[in-house]
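# let me see the structure of the following:
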Amino acid sequence: MNMPPEQTTEHLTQKNKGMLALVIFLGVLIIIATTVLIFVIVGRFMHKGDQQLPAVVNTVSSVPLSSVTRPISVLQEPNGTHIAQVFRQSDQTMVISLSGGGLPDRIVIWDLANQQKQAEVKLSEAASAQ
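Okay, the predicted model is just below:
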């Protein structure tokens, strides 16, 4: 059942030529995409340290630390009071959840601009067991 070589090879039809061109085109695209991917990965490994910013920046100031005045904020809560949670409510307000200290659990609304309590809400009548 051996056929001569000229009978097994058929001439490329228009449809076969299109399919061959498509296969060649897709093969070239795969090679280009793989090359780009390799260059991107190698580039990221080589420049990995360049993009990291320092977590702490040392600054030198001519003003001594003792001359810097900051407002001292004191909640004036009894000993044993624990801050359970702190939420920033707005640019001017902070909400602080307090427990312990022989007082019932409470929420304090703190005015950041004036560094003082705006309001205090008791969550229960009984003192917390902490």
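
# the nearest residue to residue 124 once chain neighbours are set aside and residue 119: what is the separation?
Excluding the flanking residues, the one nearest residue 124 by Cβ to Cβ, 6 or more residues apart in numbering is residue 104, at 4.7 Å. Any C-beta I mention is one placed from the backbone N, CA and C, and that applies to glycine too. Per Cβ to Cβ, to the nearest Å, residue 104 is found 15 Å from residue 119.

# who has more neighbours out of these two?
Ranked by neighbour count (other Cβ atoms under 10 Å), residue 104 and residue 119 place residue 104 first, with 15 against 11.

# wait, isn't the more buried one in contact with residue 125?
Yes. Counting by Cβ atoms under 8 Å, residue 125 is a contact partner of residue 104 at 6.1 Å.

# am I right that the residue nearest to residue 124 is in a strand?
No. Counting by DSSP: H, G, I helix; E, B strand; the rest coil, residue 104 is not found in a strand; it is coil.

# please enumerate the helices of this structure.
In the chain, the segments counted as helices under DSSP state H are 5-8, 14-46.

# between those, which gets nearest to residue 110?
With distances scored as Cβ to Cβ, the stretch of these nearest to residue 110 is helix 14-46 (44.7 Å).

# average pLDDT for the closest one?
The average pLDDT within helix 14-46 is 94.

# now for this structure, the helix or strand with the poorest mean pLDDT.
Across the helices and strands of the chain, mean pLDDT, DSSP states H and E gives its lowest value to helix 5-8, namely a mean of 52.

# picking that back up, so which of the helices of the chain is the most packed in?
Mean neighbours per residue, mean count of other Cβ atoms under 10 Å, is largest over the helices of the chain for helix 14-46, with a mean of 10.

# beta partners for residue 107?
Taking DSSP bridges as the rule, residue 107 bridges to residue 97, residue 121.

# now the helices of the chain as JSON lines including distance to residue 95?
JSON lines is the format used below for these (distance: least, Cβ to Cβ, whole Å):
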{"stretch": "helix 5-8", "distance to residue 95": "85"}
{"stretch": "helix 14-46", "distance to residue 95": "42"}
